[in-house]
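Peer 1: Please find the sequence and the predicted model below.
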Amino acid sequence: MTLTERIALPSDGGQTASGAEIRRGAEGILSWLLRSPADDIRISVEPDGRVVLEGTLQHDHQRRIIERRMLSLAQVVSVDNRILVPTAACPEDLREQLLAALRSDEVIDPSRIYVTTYGTTVHLDGTVPSPEQRALAGRVILRHPAVHDLRNNLRILRSYL
């Protein structure tokens, strides 16, 4: 399905100037954010400036990012986010899997990172040597399909600041 086919305008066939602007903006957002063929998102643009998002994504953070980006478009009044994220069973050893993922990264120093899981929510605590490692640790954690929310409480070592 092409980007243009993913974005539906009102069924009356009339497209206002603001509807055309929303359509162009939505196409740009989808082409930038949806790189995986498994992502299936449809966007409807209503005459009143309301955007309806439907479909499925692999990760909840993708769902939230698309909604925020749509809200930032000019002329968008509201977003009705109906995107579904299949819930994977939370593995019992999720914490260990996440620690292993952090250890396998060549840039991250996981020696002072503490991972706590509460269902599909993960808390990162401790210290890292740089802001880049803090951000990278968060991205590594969010890649896990069972993680739906992240609280990145990592602090930067004072020696770096």
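Peer 2: Sure, I can see it.
Peer 1: Walking through the protein, point out its helices one by one.
Peer 2: Using DSSP state H, the helices of the chain run over residues 3-6, 17-33, 60-71, 94-104, 131-142.
Peer 1: Give me the buried positions along stretch 150-160.
Peer 2: 150, 154 (16 or more other C-beta atoms under 10 Å). Placement of C-beta: from N, CA and C, glycine included.
Peer 1: which other residues reach it?
Peer 2: Under the contact criterion C-beta atoms under 8 Å, 6 or more residues apart in numbering, stretch 150-160 has outside partners 61, 113, 121-131, 133-134, 137-138, 141-142.
Peer 1: Distance from it to the middle of the chain?
Peer 2: Distance of stretch 150-160 from its chain centroid, counting by C-alpha atoms, centre = their mean, to the nearest Å, is 21 Å.
Peer 1: same thing with stretch 22-32?
Peer 2: So, by C-alpha atoms, centre = their mean, the centroid of stretch 22-32 is 16 Å from its chain's centroid.
Peer 1: Kindly export that stretch (C-alpha atoms) in PDB.
Peer 2: What follows is stretch 22-32, C-alpha atoms only, in PDB (Å, rounded to 0.1, in the frame of the first residue of the first chain):
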ATOM      1  CA  ILE A  22      -2.600  17.900   6.700                       C
ATOM      2  CA  ARG A  23      -2.400  15.200   4.100                       C
ATOM      3  CA  ARG A  24       1.100  16.300   3.000                       C
ATOM      4  CA  GLY A  25       2.300  16.500   6.500                       C
ATOM      5  CA  ALA A  26       0.900  13.100   7.400                       C
ATOM      6  CA  GLU A  27       2.600  11.600   4.300                       C
ATOM      7  CA  GLY A  28       5.900  13.000   5.500                       C
ATOM      8  CA  ILE A  29       5.400  11.700   9.000                       C
ATOM      9  CA  LEU A  30       4.600   8.200   7.800                       C
ATOM     10  CA  SER A  31       7.400   8.000   5.400                       C
ATOM     11  CA  TRP A  32       9.900   9.100   8.000                       C
END
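Peer 1: I'm done for today, thanks for sticking with me.
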